[in-house]
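Colleague: Provided below are the primary sequence and the corresponding predicted coordinates.
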Amino acid sequence: MMDDITAGGARAGDRLPSERVLAERYAVSRVTMRSALADLATRGVIESSPARGWFLTSTGTATGTGAGVSAGGGAAEAGDTPAAPPGGRSVQGFADHALRHGLAARTRVLASAVRPARVQEAEELRIAPGAPLFEMRRLRYLDDLVVVVEHNRLPLALCPRLADTDFGTASLYATLRTATPGQFPRVADYSVEARQPTPEERELLEITDVTPVLVATQLAYNQDARPLELTVAIYRGDRYRFRASITD
């Protein structure tokens, strides 16, 4: 949980989601979550405000500069979602972003399967052609507003649990953290381009006008600088914003 707080680039004074939401997010009981929150409070990371909930202190904030994206704008304002980690912070997933901002995330899995990696995919992910690859397409919502269609591809060997997990309810990045060893996206190559949606994308993203889509391609690397995840995310142009800080 502490890793998620620092990875999200939260600021002093930010309020954490409720105990119920956190318990569901981490798949633990309310009693266990309450104990974890009390431990963070003892360490000075968070503090409680009567009848208002838990808030982050300055001790728990992360610092640094780097690239980032924002999934938001329009009616589905979603705030900051770092793509490349400032100061070494980890890459943030969609569910982590929703948790940080107190938004209700919902996922509809369109397809998932394990198949042999194609040559181009194998080159990008640094695996052998034909090695087992986990592939998934999902439609993602924030507060019941559709935001993005995601196409994820990951080497199955890094986290065999991917093949048996229901990602209609589970978080991809949380599942990666449970692997042996745990897989933590630390940095990502990220690019964005705008274009008109295809007929399928128009239907999935509920686009009825001339709204364009923004296509974000991300290759994330784990803590050992090994390629972990190749993702193409197709956002509604009116519900996504990209921001970056350029450093030496």
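Modeller: Perfect, thanks for sending it. Numbering: from 1, shown residues only.
Colleague: helices or strands up against the top helix by length along the chain?
Modeller: If you go by DSSP state H, the chain has its longest helix at helix 30-42. Judged by 3 or more Cβ pairs under 8 Å, 6 or more residues apart in numbering; DSSP states H and E, helix 30-42 is in contact with helix 19-26, strand 46-49. All C-beta spots, glycine's among them, are computed from the backbone N, C-alpha and C.
Colleague: partner strands of the shortest one, parallel or antiparallel?
Modeller: Strands adjacent to strand 46-49 in the sheet, as given by DSSP bridges, are strand 53-56 (antiparallel).
Colleague: What average pLDDT does the partner strand get?
Modeller: Mean pLDDT, computed over strand 53-56, is 82.
Colleague: Can you give the contact residues for it?
Modeller: Residues outside strand 53-56 that contact it (Cβ atoms under 8 Å, 6 or more residues apart in numbering): 5, 10-16, 18, 37, 41, 45-49.
Colleague: change it to 6 Å
Modeller: 10, 12, 14-16, 37, 46-49 (Cβ atoms under 6 Å, 6 or more residues apart in numbering).
Colleague: quick revisit: quick check: which of the helices and strands packed on helix 30-42 is nearest to residue 196?
Modeller: helix 19-26 (35.8 Å; Cβ to Cβ).
Colleague: For the closest one, output the C-alpha coordinates as CSV.
Modeller: Only the C-alpha atoms of helix 19-26 are listed here, as CSV (Å, rounded to 0.1, in the frame of the first residue of the first chain):
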residue,chain,number,x,y,z
GLU,A,19,-11.6,1.7,4.4
ARG,A,20,-14.2,-0.3,2.5
VAL,A,21,-12.9,0.8,-0.9
LEU,A,22,-9.3,0.1,0.2
ALA,A,23,-10.2,-3.3,1.6
GLU,A,24,-11.9,-4.3,-1.7
ARG,A,25,-9.0,-2.9,-3.7
TYR,A,26,-6.4,-5.0,-1.8
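Colleague: report the angle between the axes of that helix and helix 30-42?
Modeller: With axes from the mean of the first three to the mean of the last three Cα atoms, to 10 degrees as the basis, helix 19-26 and helix 30-42 are set at 100 degrees to each other.
Colleague: in helix 19-26, what's buried?
Modeller: For helix 19-26, the neighbour count (16 or more other Cβ atoms under 10 Å) marks 19, 22-23, 25-26 as buried.
Colleague: now do stretch 232-239
Modeller: Buried residues in stretch 232-239 (16+ other Cβ under 10 Å): 233-239.
Colleague: Identify the farthest-apart pair in those residues.
Modeller: Farthest-apart pair in these is 233 and 238; separation 15.3 Å (Cβ to Cβ).
Colleague: Can you give me the distance of residue 14 to residue 196?
Modeller: Residue 14 sits 37 Å away from residue 196, going by Cβ to Cβ, to the nearest Å.
Colleague: okay, the two: which has more neighbours?
Modeller: Taking other Cβ atoms under 10 Å, residue 14 and residue 196 do not tie; residue 14 has more neighbours (19 against 12).
Colleague: Can you name the residues that contact the more buried one?
Modeller: residue 56.
Colleague: Let me see the confidence value for it.
Modeller: What the model reports as pLDDT for residue 14 is 79.
Colleague: What separation do you get for it and residue 46?
Modeller: 10 Å.
Colleague: How about residue 135?
Modeller: 38 Å.
Colleague: does the closest residue to residue 103 other than its chain neighbours have beta-bridge partners, and which?
Modeller: Leaving aside its chain neighbours, residue 103 sits nearest to residue 142 (4.8 Å; criterion: Cβ to Cβ, 6 or more residues apart in numbering). Assessed by DSSP bridges, residue 142 has beta-bridge partners residue 105, residue 145.
Colleague: Mind telling me what element the residue lying closest to residue 102 once chain neighbours are set aside is part of?
Modeller: Take residue 102 and drop its neighbours on the chain: the residue closest to it by Cβ to Cβ, 6+ apart is residue 17, 5.2 Å away. Counting by DSSP states H and E, residue 17 is held by no secondary-structure element, helix or strand.
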